[in-house]
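> Sequence and predicted structure below; questions after.
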Amino acid sequence: MHFKTSSEIESALFKDRDARLIVDVGACRGDMALDYLDRFRGTRLVAFEPEPENAAQARIALAPHQDRATLEEIALSDRAGTVDFHVNSHAGTHSLHPIGAQRYWAGHAVARDIIRVETLTLDAYCARNGIRAIDILKLDTQGSELAVLRGAVGLLSGGAIGMIRCEVEIYPLYAGQALFHEVAAFLDRYGYKLAGLHDPYYHARNPLVLSWCDAAFVAPRLTSVPEWSPDPG
């Protein structure tokens, strides 16, 4: 079977039951969160979005699902505190990192503001709220995905996250960010393996330049393969 999208992998993992808990980190205006709530009717969802305007839009979008969805207006990272957050001209490009090699972007972006936001680790948030397992962790934090994962080593060490759906960059779109190979190497330490790469963006001015894509990683318990039986012939 060949999965054409990360959503197909998610559906295959949970074909016999709903995902119980989905965590959407970098929810932006809530579009992906709404998609999850529609596809998994029995799931609980926690969304994180620190930028005030995006968070306001996400709160409106998720209001009809307030019995199943929680919005946290903080950024997840590898430590708790307050940090600079870079607000740019496109709502989907705000980041804990400043704009990097912009020639690899889909178009021109402008840095507009720097605000202070609260940060917390995913391990700390889960401990605080009695969360022991996450079925799907979606990461789209514009360059700080590895920091979020470093703040979840407790969960990762126990294989408590079933699937990680992570936007990854091949080129440094943001200054100081971790690239795909670094994210994959980090997750490999905890037994998480790549299950697919989807939704690639190839640069309009050079089709050999893959700027970013979605990567799906799955927990060790989901990657077991039985030994081949001896060939009777």
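Perfect, I can see it now. Numbering: from 1, shown residues only.

> what helices or strands is the helix or strand harbouring residue 148 leaning on?
Element membership of residue 148, judged by DSSP states H and E, is helix 145-150. Contact analysis of helix 145-150 by 3 or more C-beta pairs under 8 Å, 6 or more residues apart in numbering; DSSP states H and E lists strand 134-139, strand 161-169, helix 180-188 as its packing neighbours. (C-beta placed from N, C-alpha, C; glycine too.)

> Let's have those in CSV, adding distance to residue 74.
CSV is the format used below for these (distance: least, C-beta to C-beta, whole Å):
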stretch, distance to residue 74
strand 134-139, 15
strand 161-169, 19
helix 180-188, 22
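
> Tell me where the model's unsure across the protein.
Applying pLDDT under 70 to the chain flags residues 1, 232-233.

> Now do the helices in it.
6-13, 31-39, 52-62, 122-128, 145-150, 153-157, 180-188 (DSSP state H).

> Dig out what the residue positioned nearest the centre of the chain forms beta bridges with.
Geometric centre of the chain, nearest residue: residue 139, 0.9 Å, by C-alpha atoms, centre = their mean. Per DSSP bridges, the residues bridged to residue 139 are residue 25, residue 166.

> Report the contact partners of residue 96.
Residues near residue 96 by C-beta atoms under 8 Å, 6 or more residues apart in numbering: 75, 77, 83, 84, 85, 86, 141, 142, 143, 144, 147.

> swap that for residue 168, sorry
145, 179, 180, 183, 184, 212, 213, 214, 215.

> before we move on, what about residue 29?
54, 57, 58, 61, 91.

> State the distance from the first one to residue 27.
If I follow you right, that is residue 54. Distance of residue 54 to residue 27, computed by C-beta to C-beta, to the nearest Å: 8 Å.

> Comparing these two, which residue is more hemmed in?
residue 27 (32 against 20; other C-beta atoms under 10 Å).

> Got phi/psi on the more buried one?
phi -70, psi -10 (degrees, to the nearest 10).

> What distance do you get for it to residue 188?
To residue 188, residue 27 is 27 Å away according to C-beta to C-beta.

> Residue 103 too?
Applying C-beta to C-beta to residue 103 and residue 188 gives a distance of 30 Å.

> Equivalent analysis for residue 121, please.
Counting by C-beta to C-beta, the gap from residue 121 to residue 188 is 21 Å.

> Comparing these two, which residue is more hemmed in?
For residue 121 versus residue 188, the count of surrounding residues by other C-beta under 10 Å is larger for residue 121: 21 against 12.

> Surely the more buried one touches residue 151?
Yes. If you go by C-beta atoms under 8 Å, residue 121 and residue 151 touch, sitting 3.2 Å apart.

> Now the common contact residues for those two.
Shared contacts of residue 121 and residue 151, counting by C-beta under 8 Å, 6+ apart, come down to 76, 77, 78, 79.

> Quickly compare the helices of the chain and say which is most buried.
helix 145-150 (a mean of 23; mean count of other C-beta atoms under 10 Å).

> quick one on the thing from earlier: the contacts of residue 29 into a markdown table, with extra columns for distance to residue 202?
Compiled in a markdown table, these are given as follows (distance: C-beta to C-beta, whole Å):
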| residue | distance to residue 202 |
| --- | --- |
| 54 | 27 |
| 57 | 29 |
| 58 | 29 |
| 61 | 30 |
| 91 | 23 |
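
> Farthest-apart pair in these, please.
Using C-beta to C-beta, the contacts of residue 29 span at most 12.9 Å, a distance reached by 61 and 91.

> re the thing from before, distance to residue 228 added to the contacts of residue 96, as CSV?
Formatted as CSV, the contacts of residue 96 follow (distance: C-beta to C-beta, whole Å):
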residue, distance to residue 228
75, 46
77, 44
83, 50
84, 54
85, 51
86, 51
141, 41
142, 43
143, 42
144, 42
147, 41
